[in-house]
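Peer 1: Sequence below, structure please.
(one chain, ligands or ions: 4)
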Amino acid sequence: HAAKVAGVTVRRWDQALDERSTAFARLGAELRTALDSGQFHMVYQPIVEMPSGRVHAVEALVRWQHPVRGMVSPAEFIPVAEQNGLIVELGAWVLRTACLRLATWRAELGTDAPARVSVNVSAKQLARPGFAAFVASVLAATGLPASCLAVEVTETAVFEGGPAVTALHELKALGVRIALDDFGTGHSSLGLLQTVPVDTIKVDKSFVDDVTAAGRQAVIAETLIRLTDGLGLVAVAEGVETAEQAAALTRLGYRYLQGYLYGRPVADPDFARVPAAA
Ligand code: C2E
Ligand code: MG
Ligand code: MG
Ligand code: MG
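Peer 2: Numbers count the residues shown, from 1 in each chain. Ligands and ions are numbered 1, 2, ... in the order given. Coordinates of the predicted model:
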């Protein structure tokens, strides 16, 4: 009887797995069509500098408006694109679009334009030979100075070293900034900060959520700002949603904050708007 119960359990699990991989494959096929028919667009979220509250930079985030499903989250389709290789083409489109956008803002707004656009780059893109040369060609084509671009990579993407880390050194040599995204949630190793040419650490939202309480998150958030200050790096706190969190982070010494409190990612942010003060 027990074996039969186990058998049923196993079969159900198999079926669920099967349905999931079918959905995964379908999404993968639809990504091709989406790229060809222009279903992607970019949105931009401010990263503000305290205490002025000025928009210092924007993070570029891709959106997929599916004709039937509606908005599909990048958390859902980026892993699929990484798996079927379309991330290379999608990532190239993302980079070109984001660089062109900031070049346009600079032309239109002058010194009111954000100083930098930060673009998420997946491990697969980064490790492909010629990635830095591709970035250089995009900068040349869009006329955006290299110092106006940052790439955001996860710790996990560079943890194993190899071509991904080589690419970061090449990008650094171009003058592009390097940010470690979701810091503290991946294959964290402080050794990375010695071997990878990092400029910015993006402190993950999970350390920001309860930063107002006297618990472990606040201790970690404080330790990370001390670490980045000591190393001469910049820290950005991600996922700031409340004025209380902003006040706590500012008290700890954070100068760069990003989150819904300052603006959701939108296609055309208003840089003149005065954000909520910390
Ligand atoms: P990420 O790079 O860590 O981006 C931050 C995510 O947190 C974004 O979700 C953003 O909309 C969300 N967020 C920002 N502030 C807040 C807040 O105050 N509260 C909450 N709850 N969320 C906030 P999004 O746009 O859904 O992107 C999810 C992830 O997908 C990104 O995480 C990034 O890893 C990936 N992604 C997005 N766009 C791209 C892209 O163009 N290329 C690549 N390779 N990955 C991308
Ligand atoms: Mg990011
Ligand atoms: Mg992030
Ligand atoms: Mg994150």
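Peer 1: from the stretch 51-200 of the chain, which residue is nearest to ligand 3?
Peer 2: D181 (4.2 Å; Cβ to the ion). Heads up, the C-betas are built off the backbone N, CA and C, glycines and all.
Peer 1: ok so that residue is a strand residue?
Peer 2: Yes - residue assignment for D181, taken from DSSP: H, G, I helix; E, B strand; the rest coil, places it within a strand.
Peer 1: Mind telling me what element the closest residue to it other than its chain neighbours is part of?
Peer 2: Distances taken as Cβ to Cβ, 6 or more residues apart in numbering place E152 nearest to D181, at 4.2 Å, with adjacent residues excluded. Using DSSP states H and E, E152 sits within strand 149-154.
Peer 1: Quick check: buried residues in the very next helix or strand once past that strand?
Peer 2: Note on strand 149-154: by DSSP H and E, the next helix or strand toward the C-terminus is helix 155-159. Buried positions in helix 155-159, judged by neighbour count with 16 or more other Cβ atoms under 10 Å: 155, 157-159.
Peer 1: chain center to helix 155-159, what's the gap?
Peer 2: The chain centroid and the centroid of helix 155-159 are separated by 13 Å under Cα atoms, centre = their mean, to the nearest Å.
Peer 1: Can you check the pLDDT for the spatially most central residue of the chain?
Peer 2: Central residue of the chain (Cα atoms, centre = their mean): N120, 4.2 Å from the mean position. N120 is assigned 98 on the pLDDT scale.
Peer 1: and what of E108?
Peer 2: At E108, pLDDT is 96.
Peer 1: and it, what element?
Peer 2: Residue-wise, E108 maps onto helix 87-109 under DSSP H and E.
Peer 1: contacts for the helix or strand following that helix?
Peer 2: Per DSSP H and E, the first helix or strand lying C-terminal to helix 87-109 is strand 116-120. For strand 116-120, contacts defined as Cβ atoms under 8 Å, 6 or more residues apart in numbering pick out 44, 47, 56-62, 94-95, 98-99, 101-102, 144, 147-153, 177, 179, 181.
Peer 1: Please apply the same query to stretch 168-184.
Peer 2: 116, 118, 120, 126, 131-133, 135-136, 139, 145-147, 149-155, 158, 192, 196-204, 206-207, 220, 224, 236, 238.
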